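Chemist: just need the structure, nothing else, for what follows:
(one chain, ligands or ions: 1)
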Amino acid sequence: MLRGNFPLERFRDLRTPFYYYDTPLLKRTLETVRKQLRDRPSWQVHYAVKANANPGVLSLIAEAGLGADCVSGGEIQAALDAGFPATGIVYAGVGKADWEIRLGLEQQIQRFNVESEAELEVIAALAAKMGKTAPVSLRVNPDIGAHTHAGITTGLAENKFGIYHGSLEPVIRRALELEHVRFLGLHFHIGSQILDMSDFAALCNRINDIRRTLERHRLPTGDINVGGGLGIEYAHPNHLPLADFESYFGTFKRLLPAHVPVHFELGRSLVAPCGSLISRVLYVKEGLSRKFAVLDAGMNDLVRPAMYHASHRIENLSSDGPEQAYDVVGPICESSDVFGKDVMLSECRRGDLIAIRSAGAYGESMASCYNSRPLPGSIFE
Ligand code: LLP
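Modeler: Numbers count the residues shown, from 1 in each chain. The predicted model follows:
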């Protein structure tokens, strides 16, 4: 039996919980992105590996010809292993360790997105020692807010990321002066799960202002990296399985100069819709005033609801019975181990298969062994 897009026969004997990835949907998403950029051959999307570093997911994305956006030496290695060319790898992060910088230099990645002047000096010194030149973009903190969860905004002056836009000029001058550094452009990222395109429009306007000021001061501006952040519709995974790439890329096409190469670092919008966390009901339990469906998946398998109060659609794949309200919880010894409260589900019984939808981004990649539980497995359609 196939329920929705889920091959229930295949699930029957598998140990839960596990992540299920809908490969055709991922391919359709990647194809949609490719089509959007057909008229901008110099624009490049780097997949944000942090969203999902499952080797199967990585190799499908590498095959589609995207670059990779990495934030650690481990991610650089995973991207290379999955077949991303080093020339498509960009490397960001406020705290790059020396071994990670050396790995990037050895592998000749496309560039380092540098987050402070102190980091620039260290990269220059390590490159000099290795007889190399480090390609760098400077990450700018544009002081632009985003209408999203406070834990995932990154572009405000109060956030730890990047070089404040007003302090950029001396750092560019220093980058130009350093013999073992090549200045390539400016990097930005304002936050994640952004659905309001006016946030991206505000980013474009700020980028244009910054570039104009630099040009007036006769400084090079290089190319532009706008980061990631496009959100998805968590409430409607069946009706709206694709992020709104048209409005997203359309905003940048409308507001950024067409002749300048633009880089994107999309994570969530590429992989969230194609992943579901599949688990089983262990117990149905009547509380004093609420009914609990206790799953064998917990916050260690998918931490987003506990960490950001994120809401994922939850479905009972095993029953068409009348719906009832459940608090859907995991087995972890924490009160925050809750996937949803008052969730309407077809009547649950022990053993029913439950899908927690849109979990392809920041699901498996943030899983942990908390409570000494094994990491969730994964299967692909
Ligand atoms: N580029 C940079 C510099 C980033 O920091 C991020 C995400 C991205 C790109 C990709 O952003 P996306 O397109 O996925 O929004 N764990 C949180 C999300 C953290 C995002 C961190 N940075 C969550 O589960 O919602």
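
Chemist: sheet partners, orientation included, of the helix or strand where Pro135 lies?
Modeler: Assigned by DSSP states H and E, Pro135 belongs to strand 134-141. Here strand 134-141 is paired, per DSSP bridges, with strand 111-114 (parallel), strand 163-164 (parallel), strand 181-187 (parallel).

Chemist: what's the closest of these to Ala258?
Modeler: Checking those against Ala258 by Cβ to Cβ gives strand 181-187 as the closest, at 15.9 Å. Backbone N, C-alpha and C define where each C-beta goes, glycine included.

Chemist: what does the closest one contact?
Modeler: Identification of contacts with strand 181-187 by Cβ atoms under 8 Å, 6 or more residues apart in numbering yields 90, 92, 111, 113, 120, 123-124, 127, 133-140, 162, 168, 172, 175-176, 207, 210-211, 220-225, 227, 261, 263.

Chemist: could you do stretch 21-40 as well?
Modeler: With Cβ under 8 Å, 6+ apart, stretch 21-40 has contacts from 5, 43, 45, 54, 56-57, 60-61, 64-66, 241-243, 245-246, 249, 253, 258, 262, 266, 269-271, 273-276, 360, 378-381.

Chemist: weed out the non-buried ones from the contacts of strand 181-187.
Modeler: Those of the contacts of strand 181-187 that meet the buried threshold are 90, 92, 111, 113, 120, 123-124, 127, 134-140, 162, 168, 172, 175, 207, 210-211, 221-225, 227, 263, by 16 or more other Cβ atoms under 10 Å.

Chemist: what's the neighbour count on the nearest residue to Asn52 once chain neighbours are set aside?
Modeler: Nearest non-adjacent residue to Asn52, counting by Cβ to Cβ, 6 or more residues apart in numbering: Val271, 4.7 Å away. Val271 has 32 neighbours, counted by other Cβ atoms under 10 Å.

Chemist: can I get the lengthiest helix in the chain in PDB? Just the C-alpha atoms.
Modeler: Assignment by DSSP state H gives helix 197-216 as the longest helix of the chain. Provided in PDB are the C-alpha atoms of helix 197-216 (Å, rounded to 0.1, in the frame of the first residue of the first chain):
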ATOM      1  CA  MET A 197      10.400  38.800   0.300                       C
ATOM      2  CA  SER A 198      10.700  42.300   1.500                       C
ATOM      3  CA  ASP A 199      13.500  41.100   3.900                       C
ATOM      4  CA  PHE A 200      15.500  40.000   0.900                       C
ATOM      5  CA  ALA A 201      14.600  43.300  -0.900                       C
ATOM      6  CA  ALA A 202      16.000  45.200   2.100                       C
ATOM      7  CA  LEU A 203      19.100  43.100   1.900                       C
ATOM      8  CA  CYS A 204      19.600  44.000  -1.800                       C
ATOM      9  CA  ASN A 205      19.100  47.700  -1.100                       C
ATOM     10  CA  ARG A 206      21.700  47.600   1.600                       C
ATOM     11  CA  ILE A 207      24.100  45.600  -0.600                       C
ATOM     12  CA  ASN A 208      23.700  48.200  -3.400                       C
ATOM     13  CA  ASP A 209      24.300  51.100  -0.900                       C
ATOM     14  CA  ILE A 210      27.500  49.400   0.500                       C
ATOM     15  CA  ARG A 211      28.800  48.800  -3.000                       C
ATOM     16  CA  ARG A 212      28.100  52.400  -4.100                       C
ATOM     17  CA  THR A 213      30.000  53.700  -1.000                       C
ATOM     18  CA  LEU A 214      33.000  51.500  -1.700                       C
ATOM     19  CA  GLU A 215      33.100  52.500  -5.300                       C
ATOM     20  CA  ARG A 216      32.900  56.200  -4.300                       C
END
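
Chemist: what about that helix, average pLDDT?
Modeler: Taken as a whole, helix 197-216 has an average pLDDT of 96.

Chemist: gap between it and the chain center?
Modeler: In terms of Cα atoms, centre = their mean, to the nearest Å, the centre of helix 197-216 is set 23 Å apart from its chain centre.

Chemist: buried stuff in that helix?
Modeler: Met197, Asp199, Phe200, Ala202, Leu203, Cys204, Arg206, Ile207, Ile210, Arg211, Leu214.

Chemist: quick one: contacts for Asn54?
Modeler: Taking Cβ under 8 Å, 6+ apart, one finds Tyr19, Tyr21, Glu364, Ser365, Ser378 in contact with Asn54.
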